[in-house]
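Visitor: For reference, the sequence and a predicted model appear below.
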Amino acid sequence: MSLTPRLDLRQTQSLVMTPQLQQAIKLLQFSSVELCEYVEGLLEQNPLLERDDRPEAAAPGEDRAETDVAPAVGDGEPLSVDSAVDGESAYTDDYLDIDSHDNIFDSDAVDAGMWSSDGAPAGGAARGGTFESSDSTPEDLLCSTQTLQEHLASQLAMEIHDPVDRFIGVHLIDMLDEAGYLVGDLGQVAETLGCPLERVLATVERVQAFDPPGIFARSLAECLALQLRDRGWLDEPMEMLLTHLEAVARRDWSTLMRVCGVGAERIQKMVAQLRSLDPKPALVFDHGFTQAIVPDVIMRQQGGGWVVELNSETLPRVLVNNQYYTHVSRSVRKREDKQYVNECFQSANWLIKSLHQRATTILKVASEIIRQQQDFFVSGVQSLKPLVLRDIADAISMHESTVSRVTSNKFVSTPRGIFELKYFFTHAVGNSGGGDSHSAESVRYRIRKMIEGEPIHAVLSDDAVADALQRDGIDIARRTVAKYREAMRIPSSVQRRREKSEVT
């Protein structure tokens with residue numbers, strides 16, 4: 001074996017992820033919110049990128065879903081990408097397995113009406129004492145609402161006058177979690193503040209009397225005890241009940257009657273008092289607005305088929321200013337400046353291309369999912385078919401990883417509501433008769449319906465549910481029924497029997 005240096009020539013193949021390809025893949029898996037934030041950052045960095053604020057123009061009588069909107073390049077004209085991309089791409093590159101796709105297909109007419117839920121925040125009295133002001137907005141009400149920390153700090157200033165105890169109280173307020181529980185080691189607090197632990201514990205007892213009742217508790221039992229003491233309900237049997245909350249959750253009335261030393265009627269009254277309490281007292285100060293889900297794809301019925309289109313509100317509208325690029329490229333003289341301008345121009349063009357390809361890919365994947373699951377939109381969840389990523393990838397000639405990225409954090413608005421694209425992918429449950437497999441989601445739906453319709457005096461066990469499904473041709477085991485039931489947060493047959501016995 002020779003140890004002398006030598007020079008060899010070898011030919012190998014390797015996959016190189018260019019920065020442009022990495023950007024395209026990143027854009028593909030972004031949600032609509034993440035995409036807008038990413039594009040906003042690029043608008044600040046790239047001087048050749050601009051936000052397209054031009055109104056979207058459509059020909060008279062022309063439907064939006066059938067309008068072709070594609071990037072166009074012309075001398076002296078901006079290169080832009082519209083947020084509604086429903087036509088064929090002007091680019092022929094297939095670096096993301098993208099080609100043209102028909103987004104309209106025939107189907108049976110759906111017999112389900114549109115439904116929606118309004119999530120508008122409830123109004124309230126104005127701080128001025130009248131309701132006549134019409135200039136206030138939800139944002140104004142949000143800014144004028146007192147937070148939990150402000151509410152507790154005002155009580156701390158009135159109830160505790162000693163500077164040391166007040167400083168401890170401020171530190172305890174900072175240790176509250178979102179539910180209002182005191183988290184952290186009080187011994188560490190005493191060491192940090194340089195005071196005795198007994199003084200910290202005494203301050204905790206004082207702030208536990210603040211409003212709302214149950215605040216500054218260190219456990220669920222203590223939180224409930226503070227609220228019971230505030231209402232005058234905390235006696236010896238109730239204290240014993242709080243030490244056996246697990247038995248309350250199991251509805252083990254015999255054990256509770258024995259440890260509390262009371263009868264069944266008193267136990268029922270005590271449990272009713274517990275249910276009237278708030279286990280998370282700080283949530284009453286949670287005044288944040290719930291962010292509504294904005295669908296990326298809109299599906300609607302037209303004639304006897306479906307029309308699938310992109311939601312123009314979810315995709316950013318940007319353009320490359322060719323006029324500015326031409327002017328700058330002619331005026332710069334230094335080599336470094338020319339290289340910087342060219343890099344910005346290429347980066348901007350690639351962003352436009354990637355945005356267009358992302359929109360086309362989402363539309364293509366969503367259309368194929370809707371085509372394969374169209375029985376769901378006609379008959380409901382019981383008609384949901386088993387579907388995996390490979391089924392969609394094979395149908396549209398894409399890789400499974402591409403389909404996975406497209407369906408993550410993407411939502412579609414349908415006549416039956418708004419669903420994440422991932423919802424339509426469910427595992428298969430075999431058919432005992434040898435026919436088509438059943439979707440796991442449809443099986444869970446049938447289990448829920450069977451349990452909801454069970455007689456009061458004939459509660460179905462997991463074995464009984466499994467036997468009934470097997471008679472209907474669904475090959476399912478008892479342990480699978482139990483797993484699906486627990487995933488849907490449905491109590492066991494023993495717990496349901498106890499609940500129904502209370503009603504009767």
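Guide: Sure, I can see it. Numbers count the residues shown, from 1 in each chain.
Visitor: buried stuff in the longest helix seen in the chain?
Guide: In the chain, assigned by DSSP state H, the helix with the most residues is helix 335-372. Of the residues in helix 335-372, 341, 344-345, 347-371 count as buried by neighbour count, 16 or more other C-beta atoms under 10 Å. Yep, even glycine has a C-beta here, placed from its N, CA and C like the rest.
Visitor: For L469, see how far away the nearest residue to I490 once chain neighbours are set aside is.
Guide: Spatially, and ignoring its direct neighbours in sequence, I490 is nearest to I451 (5.9 Å; C-beta to C-beta, 6 or more residues apart in numbering). I451 sits 12 Å away from L469, going by C-beta to C-beta, to the nearest Å.
Visitor: Which one's more surrounded, these two?
Guide: Neighbour count, other C-beta atoms under 10 Å: between I451 and L469, L469 has more, with 22 against 17.
Visitor: Could you check how many residues crowd around the nearest residue to that one once chain neighbours are set aside?
Guide: Nearest non-adjacent residue to L469, counting by C-beta to C-beta, 6+ apart: I476, 5.2 Å away. I476 sits with 22 neighbouring residues when counted by other C-beta under 10 Å.
Visitor: Could you say which helix or strand holds I476?
Guide: Assigned by DSSP states H and E, I476 belongs to neither a helix nor a strand.
Visitor: Tell me who's in contact with the residue nearest to I490.
Guide: Applying C-beta atoms under 8 Å, 6 or more residues apart in numbering to I451 gives the contacts 460, 465, 485, 490, 496.
Visitor: Point out where the stretch 101-250 of the chain drops to low pLDDT.
Guide: Scanning the stretch 101-250 of the chain for pLDDT under 70 picks out the ranges 101-145.
Visitor: in what helix or strand does the nearest residue to R251 once chain neighbours are set aside lie?
Guide: Spatially, and ignoring its direct neighbours in sequence, R251 is nearest to R498 (4.4 Å; C-beta to C-beta, 6+ apart). Taking DSSP H and E as the criterion, R498 maps to helix 493-503.
Visitor: Surely M299 touches G417?
Guide: No: if you go by C-beta atoms under 8 Å, M299 and G417 don't touch, sitting 10.9 Å apart.
Visitor: between these two, which one's more packed in?
Guide: Under the criterion of other C-beta under 10 Å, the comparison of M299 against G417 puts M299 first, with 22 against 12.
Visitor: what's the closest non-adjacent residue to E239?
Guide: Leaving aside its chain neighbours, E239 sits nearest to A225 (7.3 Å; criterion: C-beta to C-beta, 6+ apart).
Visitor: try L172
Guide: Spatial nearest neighbour of L172, chain neighbours left out: V207 (5.9 Å); criterion: C-beta to C-beta, 6+ apart.
Visitor: for the one you found, phi and psi?
Guide: Backbone torsions of V207, given as degrees, to the nearest 10, read phi -80, psi -20.
Visitor: pretty sure it is touching D165, no?
Guide: No: V207 is beyond contact range of D165, at 9.3 Å (criterion: C-beta under 8 Å).
Visitor: Could you tell me how many residues sit around the residue nearest to L172?
Guide: Neighbours around V207, by other C-beta under 10 Å: 21.
Visitor: Show me the chain divided up by domain.
Guide: Here the domain parsing of the chain from automatic domain parsing is 19-54+63-111+294-419, 148-285, 427-503.
Visitor: got a markdown table for the ones you listed, with distance to Q13 too?
Guide: Compiled in a markdown table, the domains of the chain are given as follows (distance: least, C-beta to C-beta, whole Å):
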| stretch | distance to Q13 |
| --- | --- |
| domain 19-54+63-111+294-419 | 17 |
| domain 148-285 | 53 |
| domain 427-503 | 36 |
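Visitor: So which of the ones you listed is nearest Q11?
Guide: Nearest of the domains of the chain to Q11, taken as C-beta to C-beta: domain 19-54+63-111+294-419 at 22.7 Å.
Visitor: that older thread, check which helix or strand the residue nearest to E239 maps to.
Guide: Per DSSP H and E, the secondary structure element for A225 is helix 220-231.
Visitor: Remind me what that helix packs against, helices and strands.
Guide: Packed against helix 220-231, as judged by 3 or more C-beta pairs under 8 Å, 6 or more residues apart in numbering; DSSP states H and E, are the following elements: helix 236-242.
Visitor: The helix it packs on packs against which elements?
Guide: helix 220-231, helix 253-260, helix 264-275.
Visitor: Please work out which of these is packed deepest.
Guide: Stretch with highest mean neighbour count among the helices and strands packed on helix 236-242: helix 220-231 (a mean of 19; mean count of other C-beta atoms under 10 Å).
Visitor: so how far is that helix off the chain centroid?
Guide: The chain centre lies 33 Å from the centre of helix 220-231; the measure is C-alpha atoms, centre = their mean, to the nearest Å.
Visitor: Next, the contact list for the residue lying closest to F30 once chain neighbours are set aside, please.
Guide: Closest residue to F30 apart from its sequence neighbours, by C-beta to C-beta, 6+ apart: Y38 at 6.3 Å. Listed by C-beta under 8 Å, 6+ apart, the contact partners of Y38 are 26-27, 30.
Visitor: And Y38, how close does it get to T12?
Guide: Y38 sits at a distance of 34 Å from T12 (criterion: C-beta to C-beta).
Visitor: does A179 sit in a helix or strand, and which one?
Guide: Here A179 is assigned to no helix or strand, by DSSP H and E.
Visitor: mind listing what it touches?
Guide: By C-beta under 8 Å, 6+ apart, the residues touching A179 are 279-283.
Visitor: on that earlier part again, return the subset of the contacts of I451 lying in strands.
Guide: In strands, judged by DSSP state E, none of those are found.
Visitor: Adding neighbour count, write these out as JSON lines.
Guide: Shown next, in JSON lines, are these (neighbours: other C-beta atoms under 10 Å):
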{"residue": "L460", "neighbour count": "19"}
{"residue": "V465", "neighbour count": "22"}
{"residue": "R485", "neighbour count": "19"}
{"residue": "I490", "neighbour count": "17"}
{"residue": "R496", "neighbour count": "18"}
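Visitor: Which pair in these has the greatest spatial separation?
Guide: Maximum pairwise distance among the contacts of I451 (C-beta to C-beta): 11.8 Å, between V465 and R496.
Visitor: Reformat the contacts of I451 as CSV; add pLDDT.
Guide: What follows is the contacts of I451, written out as CSV (pLDDT from 0 to 100):
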residue, pLDDT
L460, 87
V465, 89
R485, 89
I490, 88
R496, 82
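Visitor: Return the member of the residues you listed nearest to A217.
Guide: I490 (30.0 Å).
Visitor: in stretch 9-21, what's buried?
Guide: Using 16+ other C-beta under 10 Å as the test for burial, stretch 9-21 gives Q20.
Visitor: circling back to that earlier point, show me the contacts for the residue nearest to E239.
Guide: Applying C-beta under 8 Å, 6+ apart, the residues near A225 are 217, 234, 239, 242.
Visitor: Produce a ChimeraX select command limited to the buried residues of those residues.
Guide: Of the contacts of A225, the buried ones go into a single ChimeraX selection, burial set by 16+ other C-beta under 10 Å:
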select :217,234,242
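Visitor: tell me the two of the contacts of A225 that are most distant?
Guide: Spatial extent of the contacts of A225 (C-beta to C-beta) is set by the pair A217 and E239 at 14.9 Å.
Visitor: possible to save the contacts of A179 as a markdown table with neighbour count?
Guide: Converted to a markdown table, the contacts of A179 look like this (neighbours: other C-beta under 10 Å):
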| residue | neighbour count |
| --- | --- |
| P279 | 15 |
| K280 | 15 |
| P281 | 22 |
| A282 | 21 |
| L283 | 13 |
